[in-house]
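Q: Sequence first, predicted model second:
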Amino acid sequence: MPADMPSIFPSGLYSIVLTAFLALFPTIAHSVTLESDSAVLSLLKRSIDPNTIPISSFLDTWNLSADPCESTSQFLGILCTYPEEESRQRIVAIDLDSFGYDGVLTQSIGNLTELTTLNLGRNKFRGPIPDSISGLRKLTTLSMSGNFLSGSIPRGITMLKKLESVDLSYNTLSGSIPAKLSGLRRLIHLRLSHNELSGRIPDLTASWQLDTLELDNNQLYGNLPNFPASLRTLSLSHNTLSGHITPIGKLKNLKLLDLSNNRLTGSIRQQILKLSQVVHINVSMNLFTGIEVAKFVGIETHLQDFDAHGNMIRSRLPANLVTVSNLTSVNLARNDFTGPIPREYGVKVVNSWKSLFLDHNFLTGDLPQEFSNASIRMKGSLANNCLRCPTNVTLCLGGQRSTSECVGLNDGSE
C-alpha cells in the first residue's frame, strides 16, 4: 500500500501529514540533509511497487535509514547542494534510471523547493501529475516522458518561471494545453507529443527562446497560431489541425517541419519553400490544393492545372524546391499532386536528398533519368501514382494506380 496521501485531501493537510511523518522518521546523528527533503525521498520510494525495483537500479541504492546527501551514502540519481557551514544540504536533482518503476507520484514532491532537475522518464508512473509541483520554483528541467500519467497538465507548471525544458510526451494526458505556458520566457524545449491533449494550440510567441515544439499525435484542432520566430523544430503531425499554414512562413530558423496527417488546406506558400535552413519537410496527408511558387532563372515553375472554366483541378510539384539548399528530406505524399516529376529533382536525388516520398498522388510521365541510377540508396516511394515507373527502380515498389484512375491525366510529355 503506497504511503502517498490521496489527492482528495486539502493541500494544507499535506504539510500536517508530512510533519507527522517527520516525527516518525528516524533521526540521523549529525544529519547533513534537511529532514523534509529526506522525508520526500522516503515517500517517493514507498509509493513505488517494490517488485519493480530491481537489484542494481538507482532506487535499490536508496537506503531510507541513511542520510541522502552524506558523502558515504550512494543514493544514485540524487544530487545535493554543496555543503555550507551550519546549513543543511538540499536535494537539487532527481534523475532516475529507466527500469520501469511502477507507482504514483507523491504530492510531497512539491516540498523539494531547491530542486532544479526532475527526470522520471521511461518508467511506469501513473495517475495525475501532483498539483504541488507548483512549489518547485527553481526547476529548470522537467522530464516525465514515457510513463502512464493521466489527467490534465497542472496549471501550476505555468508558475515555474525558470523552466527551460519540459518533456511530458508519451503519456495519456488529456485536456487543453495551458495558455499561460507562453509566460515561461526561458523555455527552450516543449515536448507534449503522444498524449490525448485536445483543444487549440495556444499562442506561444512570448516564449521567445523556444527552439523545439513537439505536439504531434494528440487531438488538437483549429487553425495554426503564430509561433516563436526562434523555432528550429516544429512537429504537429497526427492531429486534426485545419486552415492555412501561413504562420509557418515566418519561422526563418526552422530546420524540421512536420505537419503531416492533419486537415490543413489552401496553398503551400512560397515562403515555406524558401525557408533556407529547412532540412526536413513533411506535409503529407493533408488537403492542400496547390503550391505557390516563385520564378527562378533557369527553372520552369508549375502552378495548378485548371479546367476550361478556370477551376483548379490539381497542383503540380514545384521545381524550385531544389533551391532550398539544406533540404535533405521531402515528403509530399497523399496530397493529390499531378503532372510530371520535375527534371530538377533528378540532380537532388543523386547529390543531397536522402529521402523523397511522393506516393499516393496522381503524378504522370517518365521519371527523371537519375532516378533509375542503380547506385541511389535513398528512402522514399513513388508508388500509387500514374507514372511510367520501371519495376527495377526501388522507389517504384508498390506499383502504380490502375489505368481507370489515370484516365484523362496529362503525362507531361513534350
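A: Looks like it arrived, so ask away. Residues are numbered from 1 along each chain as shown.

Q: Could I get the full set of strands for the stretch 301-414 of the chain?
A: 304-306, 312-316, 329-331, 337-339, 355-357, 362-366, 379-381, 386-388 (DSSP state E, counting those that start in this stretch).

Q: Was I right to think I268 contacts N286?
A: No. Counting by Cβ atoms under 8 Å, no contact exists between I268 and N286, whose distance comes to 9.1 Å. Where you see a C-beta, it was placed from the backbone N, CA and C, and this is true even at glycine.

Q: Of the two, which one has the most company?
A: Summary of the neighbour comparison: I268 and N286, criterion other Cβ atoms under 10 Å, with I268 having more neighbours (26 against 23).

Q: Name all residues that make contact with the more buried one.
A: I245, V283, F288, G290, I291, E292 (Cβ atoms under 8 Å, 6 or more residues apart in numbering).

Q: Can you select the buried ones from the residues you listed in PyMOL?
A: Selecting only the buried members of the contacts of I268 in PyMOL, with burial defined as 16 or more other Cβ atoms under 10 Å, works like this:
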select buried, resi 245+283+288+290+291+292
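
Q: Just flag the most distant two among the contacts of I268.
A: The most widely separated members of the contacts of I268, counting by Cβ to Cβ, are V283 and E292 (13.1 Å).

Q: burial count for C386?
A: 20.

Q: Is it bridged to anything, and to what?
A: The bridge-partner assignment for C386, based on DSSP bridges, gives T364.

Q: could you pull out the helices for the chain?
A: Taking DSSP state H as the criterion, the chain contains helices spanning 11-24, 35-46, 270-273, 345-351, 403-406.

Q: returning to that earlier point: compare the strands of the stretch 301-414 of the chain and report which one is nearest to L139.
A: With Cβ to Cβ as the yardstick, what comes closest out of those is strand 329-331 (34.7 Å).

Q: Next, work out how far apart I55 and L163 are.
A: Relative to L163, I55 is positioned 35 Å away (criterion: Cβ to Cβ, to the nearest Å).

Q: typo on my end, it should be I248
A: Distance from I248 to L163, by Cβ to Cβ: 25 Å.

Q: Looking at these two, which is more packed in?
A: When I248 and L163 are compared for neighbours, L163 comes out ahead with 25 against 22, by other Cβ under 10 Å.

Q: does that one really touch R137, like I thought?
A: No. Under the contact definition of Cβ under 8 Å, L163 does not touch R137, with a separation of 10.0 Å.

Q: So for the two, which residues contact both of them?
A: With contacts defined as Cβ under 8 Å, 6+ apart, no residue is adjacent to both L163 and R137.

Q: how far away is L251 from P202?
A: Relative to P202, L251 is positioned 17 Å away (Cβ to Cβ).

Q: gap between the nearest residue to L382 once chain neighbours are set aside and R269?
A: Nearest non-adjacent residue to L382, counting by Cβ to Cβ, 6 or more residues apart in numbering: L395, 4.6 Å away. Separation of L395 from R269 (Cβ to Cβ): 28 Å.

Q: of those two, who's got more company?
A: Taking neighbours as other Cβ under 10 Å, L395 and R269 compare with L395 leading, 23 against 17.

Q: and that one, what does it touch?
A: By Cβ under 8 Å, 6+ apart, the contact set of L395 is L356, F371, M378, G380, S381, L382, C389.

Q: List the beta-bridge partners for I268.
A: Beta-bridge partners recorded for I268 (DSSP bridges): I291.

Q: typo on my end, Y221
A: According to DSSP bridges, the partner residues bridging Y221 are T240.

Q: Against E214, how distant is it?
A: 17 Å.

Q: Equivalent analysis for R46, please.
A: Distance from R46 to E214, by Cβ to Cβ: 34 Å.

Q: likewise N351?
A: Looking at N351 against E214, where the rule is Cβ to Cβ, the gap reads 30 Å.

Q: of these two, who's got more company?
A: Counting neighbours by other Cβ under 10 Å for N351 and for E214 shows that E214 has the greater number, 20 against 9.

Q: tell me the contacts of the more buried one?
A: Taking Cβ under 8 Å, 6+ apart as the contact definition, E214 lies against S169, L190, R191, L192, S193, T233, S235.
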